[in-house]
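J.: Could you look at this predicted model? Sequence included:
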Amino acid sequence: MIRCSACVAFVSALAGVAAPSLADIVVARHIANGRGLSIQAFLDGQLHQVFAGQLIHELQSGTGVAAQLEGVRNLYCMEVDQFVSDINRVFNVDPLDELPLPESGPLFDARAGAVASLFKSAAGLEEADDAANEFAAAFAIAIWEMVYDYDPNVIDGNIDLSSGRFRVLRNGSPISGSTLINFNSLITEAGENISKNGVYTLSNDAAQDLIVRIPTPGSTSLLAFGGLVLTRRKR
């Protein structure tokens with residue numbers, strides 16, 4: 001499993017990658033950053049200056065369920081120490097419960113369920129083009145917290161942005177205000193028995209792993225979620 005992103009784009013000298021063997025694949029490249037904030041993320045004590053938020057990707061040539069991803073989508077990364085790719089690469093597309101998270105082991109299923117709960121809480125608003133910067137950043141931060149530190153055997157799931165393997169600062173201070181409010185709202189269902197259906201990972205050994213929700217037919221992608229600062233304030 002690759003080590004995903006500091007969310008900083010790079011351009012590789014390699015022009016292509018052989019197609020993975022799995023049935024569902026998609027060709028993807030990072031084209032810009034969307035809504036979100038720059039933060040300081042610490043993983044095992046190492047500082048990473050990262051962008052927390054939407055990573056805008058152009059996706060094409062999807063097979064199987066990945067055909068639903070074609071177009072321009074706002075995706076999120078799953079780790080903090082790899083890079084997005086600005087060239088077309090072929091990604092495996094797997095259901096969240098079939099491909100281990102960056103942090104596998106006995107806690108994999110619980111952490112995958114905690115990540116899935118974030119998508120349920122966000123109700124599709126994580127992809128909204130007009131999402132508040134603070135909301136998109138909180139969603140990305142919540143993914144990393146679940147991936148690296150969530151533990152259902154510890155009080156409050158071991159969710160604490162100031163301690164553990166993964167810690168976060170913004171401009172040298174703990175996150176606060178709307179970002180923290182959104183984070184706390186998003187994590188409310190972590191630890192519940194949440195279905196992972198519809199949440200997929202995109203993986204490639206030469207680029208960061210990504211995660212996205214593919215709505216099931218008839219689902220509503222932009223439901224209101226109480227307590228979240230969801231859209232940009234008009235000036």
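T.: On my side now, so go ahead. Residues are numbered from 1 along each chain as shown.

J.: For Asn193, see how far away the most centrally placed residue in the chain is.
T.: The centroid of the chain falls nearest to Tyr76 when counting by C-alpha atoms, centre = their mean (3.3 Å). From Tyr76 across to Asn193, the span is 23 Å (C-beta to C-beta, to the nearest Å). Where you see a C-beta, it was placed from the backbone N, CA and C, and this is true even at glycine.

J.: go on, Arg29?
T.: Using C-beta to C-beta, Arg29 is found at 36 Å from Asn193.

J.: of those two, who's got more company?
T.: Arg29 (16 against 7; other C-beta atoms under 10 Å).

J.: lowest-pLDDT helix or strand in the chain?
T.: strand 9-10 (a mean of 34; mean pLDDT, DSSP states H and E).

J.: any idea which helix or strand comes after that one?
T.: Using DSSP states H and E, the next helix or strand after strand 9-10 towards the C-terminus is strand 25-43.

J.: Now the helix or strand encompassing Phe51 - C-alpha only, CSV.
T.: Element membership for Phe51 (DSSP H and E) is strand 46-60. Provided in CSV are the C-alpha atoms of strand 46-60 (Å, rounded to 0.1, in the frame of the first residue of the first chain):
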residue,chain,number,x,y,z
GLN,A,46,7.5,14.2,11.4
LEU,A,47,6.1,17.5,10.1
HIS,A,48,4.3,17.6,6.8
GLN,A,49,3.1,20.9,5.3
VAL,A,50,-0.1,19.8,3.6
PHE,A,51,-3.2,20.9,1.9
ALA,A,52,-6.3,19.4,3.7
GLY,A,53,-9.3,19.4,1.4
GLN,A,54,-10.6,18.6,-2.0
LEU,A,55,-8.2,17.3,-4.6
ILE,A,56,-9.7,18.0,-8.0
HIS,A,57,-9.0,15.1,-10.4
GLU,A,58,-9.9,14.4,-14.0
LEU,A,59,-10.9,10.8,-14.4
GLN,A,60,-11.5,8.8,-17.6
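
J.: Give me the packing partners of that strand, helices and strands only.
T.: strand 25-43, strand 71-77, helix 133-148 (3 or more C-beta pairs under 8 Å, 6 or more residues apart in numbering; DSSP states H and E).

J.: now the last one against strand 71-77, angle please.
T.: With axes from the mean of the first three to the mean of the last three C-alpha atoms, to 10 degrees as the criterion, the two stretches helix 133-148 and strand 71-77 enclose an angle of 60 degrees.

J.: Show me what the helix or strand just after helix 133-148 is packed against.
T.: Once helix 133-148 ends, the next helix or strand along the chain (criterion: DSSP H and E) is strand 166-169. Other elements packing on strand 166-169 under the criterion 3+ C-beta pairs under 8 Å, 6+ apart are strand 25-43, helix 133-148.
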